[in-house]
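Visitor: Structure for this input, please:
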Amino acid sequence: MNRPVTAALLRVLPLLVVVSVIVLLPVGRASELPLLIGAIAGIVLVARGRLPISDPAVQLGSLLFACYWIPALLSAPMAVEPGKTWASVAAMLRFLPFLWFVAWALAGVSRAASAVTATGAVVALWVLDAYVQTAFGFGLGGSAESERVSGIFGADNLKLGPVLATLSPFLLVAAGTRFGRVGMALAAAAMVVPVLLAGSRAAWLMYALVCVVFIWREARSARRIALVLAGMALFVAVIAGVALRDSERFDARIERSLRALDGSAAAIDEASAGRLRIWHAALGMGLSHPLTGVGVRGFRHAYAEYAVPGDGFVDPKSGLGAAHAHQILLEAFSETGIVGVLGWFAAAVLAARAWRRAGPEARQRAIAPATALLAMCFPVNTHLAFYSAWWGLLYAWLVALYCASLAAPPRLCEGRSGIA
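Guide: Numbering: from 1, shown residues only. Coordinates of the predicted model:
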């Protein structure tokens, strides 16, 4: 292989490592491989002085990681399941050098933009596959789940809705960059059907929040915002009406949601798929262990003690309960206590302050990961487990892209070809 080709491959390789985390996200734990490669590279870069610790992206990423990891560490000594908690705390350490690596890999306007475009292309493929599965009952991930479109993730891994909603800003930005506002609007419309039919009501709220953010940024006047929101609401209503008529999956989700209108605690609990019981137990855990919680990933081990009698989430054989709190603040409070809640608030303040201090160009570069993080962490919603290996990985990946896009100046990546 000649030298120019080798140099070109070395220049694109860091970007491929970063984007591969998302590409492999549906394939079990396969996304851990590029993350591990990036983490090792990050350690090497810092050790050899190729990436200064004083770099703004490195500093911001390290601070946000500390807000996530230190409360988890402090929860370990008093954890109800010490082995599980200590293992989780140790595993989280892989995120820090990966954050460093991404700061180096995407330190430049063109590389940050390329990462957004590449991620948008991946999301577009998943959306197309979801349409194929909707039409024919079969796609890249196999056959659809009985009540939901499961897409690339498969019928035994119902994460399509939350992931599409979380990563939708990347598709909207990529489409807007290539085709303007019309392209962005068409991409937003194309996302509606798979997000709705994926059946995750949390994802519906997440995607609505993403659309509101982009409408607010693009419309730039109260009248336009109102008109676009009205048009969006009408479009979603039409799509939902068609889905109610033609999709048993969507009809079942809406029927369950409407049971909450009965007003009784039992009806609301059923409409929320048992979340009320889980939140009650999570609050009990936090109140009983207010400082540092029951320990990261100890929720299911402590659940039975705080569950209401006859709770169906408790396995009578193993004694284990629901896996996590399904709500970001309750997850932090129950597993890491007040320290953990303060850590999440500190992270939000640090991220927001970095956004306010950044210039318009930096904000434009970071709008995709920033909006994705806002949708992912929006507290008035239900959530997947942020301290889990899988959802925590996606969270760390978005934080890494946010820091690299917002804080890293172009100077680091110009003219470099490798780590060594």
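Visitor: who touches the helix or strand that residue 373 is a member of?
Guide: Residue 373 belongs to helix 360-377 when assigned by DSSP states H and E. Defining contact as CB atoms under 8 Å, 6 or more residues apart in numbering, one finds that helix 360-377 is touched by 109, 112-113, 116, 119-120, 165-170, 172-173, 206-207, 209-210, 213-214, 217, 328, 344, 348, 351, 355, 358, 383, 394-395, 398-399, 401-402, 405-407. Backbone N, C-alpha and C define where each C-beta goes, glycine included.
Visitor: Narrow these to those that are buried.
Guide: Buried members of the contacts of helix 360-377, counted by 16 or more other CB atoms under 10 Å: 109, 112-113, 116, 119-120, 165-170, 172-173, 206-207, 209-210, 213-214, 328, 344, 348, 351, 358, 383, 394-395, 398-399, 401-402, 405-407.
Visitor: average pLDDT across the helix holding residue 373?
Guide: Regarding helix 360-377, the rounded mean pLDDT is 95.
Visitor: Show me what counts as buried in it.
Guide: Going by neighbour count (16+ other CB under 10 Å), the buried part of helix 360-377 is 362, 364-377.
Visitor: Can you tell me which of the residues you listed is closest to residue 282?
Guide: residue 377 (17.0 Å; CB to CB).
Visitor: And that closest one, how far from residue 241?
Guide: Distance, residue 377 to residue 241, by CB to CB, to the nearest Å: 31 Å.
Visitor: So residue 292 belongs to a strand, correct?
Guide: No: counting by DSSP: H, G, I helix; E, B strand; the rest coil, residue 292 is not found in a strand; it is coil.
Visitor: Hmm, it is touching residue 75, no?
Guide: Yes: Residue 292 is within contact range of residue 75, at 4.5 Å (criterion: CB atoms under 8 Å).
Visitor: list residues touching both of those two?
Guide: Residues touching both residue 292 and residue 75 (CB under 8 Å, 6+ apart) are 336, 337, 339, 340.
Visitor: just checking, which of these belong to helices?
Guide: Counting by DSSP state H, the part of the shared contacts of residue 292 and residue 75 found in helices is 336, 337, 339, 340.
Visitor: Between those residues, identify the one with the most neighbours.
Guide: Using other CB atoms under 10 Å as the neighbour criterion, residue 336 leads those with 32 neighbours.
Visitor: Disregarding residues adjacent in the polypeptide, which is nearest to that one?
Guide: Distances taken as CB to CB, 6 or more residues apart in numbering put residue 71 closest to residue 336, at 4.1 Å, once the chain neighbours are dropped.
Visitor: same deal with residue 184?
Guide: Take residue 184 and drop its neighbours on the chain: the residue closest to it by CB to CB, 6+ apart is residue 176, 3.7 Å away.
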